[in-house]
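*Asks:* heads up, no residue letters with this:
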């Protein structure tokens, strides 16, 4: 085992502000070895990240969370991605199936207690996955919403049981236009719902198309104050400089 302290992560995060996603991914692979993975929900930015990763660091495994409420278009995109790149994307599942949840908590929990539904169907499966990781790569961008505008390229978090985790945002400083241009230029597969006005795509009961020029995540939990499912808010940030973030040495 090796250690990267918070001060070093701060320095690297500042350095990576001028780095490409490829450079950030290569660092993640070299620094964290087999205990780093990419999480994706197959959004537009996630698809660009996957395309870049397959060119720069194809050794990094990929996972997604299948909540049981995914659009058919999302499931079909997963199959297209696996076929195009010749990869297998791990699907994480909640402990309860949708029918089991309906029996235990009543029908349409998402409409009565969206936070609880999100926790059971998204956060808890992710928590189990992160227990085996030292680094989690995802596709958050600063311009996606107010809740994401302050994210850094590298962020250390407490992941439970005294463990630490580096959250990695290679796409943080990209813009929506850059994402759209990349998809067009490199013919990257994307969710066909985007052609029907869906700018951000999650579970079908809680996602709808948004108007032209609307905030990118305006179609998520529309009509409520909810803006995040919880997978990006449950971890505890490591705030004190000098705290050591434990990571695994890259394999030889």
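*Replies:* Right, received. Where do you want to start? As the structure is a computational prediction, the values presented were derived from the model and not from experiment.
*Asks:* and residue 159, which of the three is it?
*Replies:* strand (DSSP: H, G, I helix; E, B strand; the rest coil).
*Asks:* what sits against the residue sitting nearest the centre point of the chain?
*Replies:* The centroid of the chain falls nearest to residue 138 when counting by Cα atoms, centre = their mean (3.7 Å). Residue 138 is in contact with 38-40, 46, 49, 167-169, 232, counting by Cβ atoms under 8 Å, 6 or more residues apart in numbering. Where C-beta positions appear, they are placed from N, C-alpha and C, glycine not excepted.
*Asks:* now, those residues that are in strands?
*Replies:* Residues of the contacts of residue 138 located in strands (DSSP state E): 38-39, 167-168.
*Asks:* adding distance to residue 125, neighbour count and pLDDT, write these out as a markdown table.
*Replies:* As requested, the ones in strands among the contacts of residue 138 are exported to a markdown table (distance: Cβ to Cβ, whole Å; neighbours: other Cβ atoms under 10 Å; pLDDT from 0 to 100):
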| residue | distance to residue 125 | neighbour count | pLDDT |
| --- | --- | --- | --- |
| 38 | 16 | 24 | 98 |
| 39 | 11 | 22 | 98 |
| 167 | 17 | 22 | 95 |
| 168 | 20 | 27 | 97 |
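*Asks:* pull the most distant pair out of the residues you listed.
*Replies:* Taking Cβ to Cβ as the measure, those span a maximum distance of 11.9 Å, between 38 and 167.
*Asks:* next, the residue of the chain positioned farthest from its centre: secondary structure please.
*Replies:* Distance from the centre of the chain peaks at residue 103, with 29.6 Å (Cα atoms, centre = their mean). Following three-state DSSP, the label given to residue 103 is helix.
*Asks:* and if you look at residue 201?
*Replies:* coil.
*Asks:* residue 193 is in contact with that one, correct?
*Replies:* Yes: with contacts counted by Cβ atoms under 8 Å, residue 201 reaches residue 193, the gap being 5.5 Å.
*Asks:* residues in contact with both of the two, list them for me.
*Replies:* 71, 73-74.
*Asks:* now the strands for the stretch 101-250 of the chain?
*Replies:* Listed in chain order, the strands of the stretch 101-250 of the chain (DSSP state E, counting those that start in this stretch) span 135-137, 154-160, 163-168, 236-237, 244-247.
*Asks:* need the winner for burial among these.
*Replies:* strand 135-137 (a mean of 25; mean count of other Cβ atoms under 10 Å).
*Asks:* okay, now the sheet partners of that one, with direction.
*Replies:* When pairing is defined by DSSP bridges, strand 135-137 lines up against strand 36-39 (parallel), strand 163-168 (parallel).
*Asks:* need those in a markdown table (columns: distance to residue 208).
*Replies:* Output for those, formatted as a markdown table (distance: least, Cβ to Cβ, whole Å):
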| stretch | distance to residue 208 |
| --- | --- |
| strand 36-39 | 24 |
| strand 163-168 | 28 |
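*Asks:* neighbouring contacts of stretch 176-186?
*Replies:* Contacts of stretch 176-186 (Cβ under 8 Å, 6+ apart): 44-45, 47-48, 51, 141, 143-144, 171, 188, 190, 216.
*Asks:* ok, the residue lying closest to residue 42 once chain neighbours are set aside - how many residues close by?
*Replies:* Sequence neighbours aside, residue 77 is the residue nearest to residue 42 in space, at 5.1 Å (criterion: Cβ to Cβ, 6 or more residues apart in numbering). Per other Cβ atoms under 10 Å, the neighbour tally for residue 77 reads 20.
*Asks:* measure residue 77 to residue 25 for me?
*Replies:* 21 Å (Cβ to Cβ, to the nearest Å).
*Asks:* ditto for residue 129
*Replies:* 19 Å.
*Asks:* I'm done for today, thanks for sticking with me.
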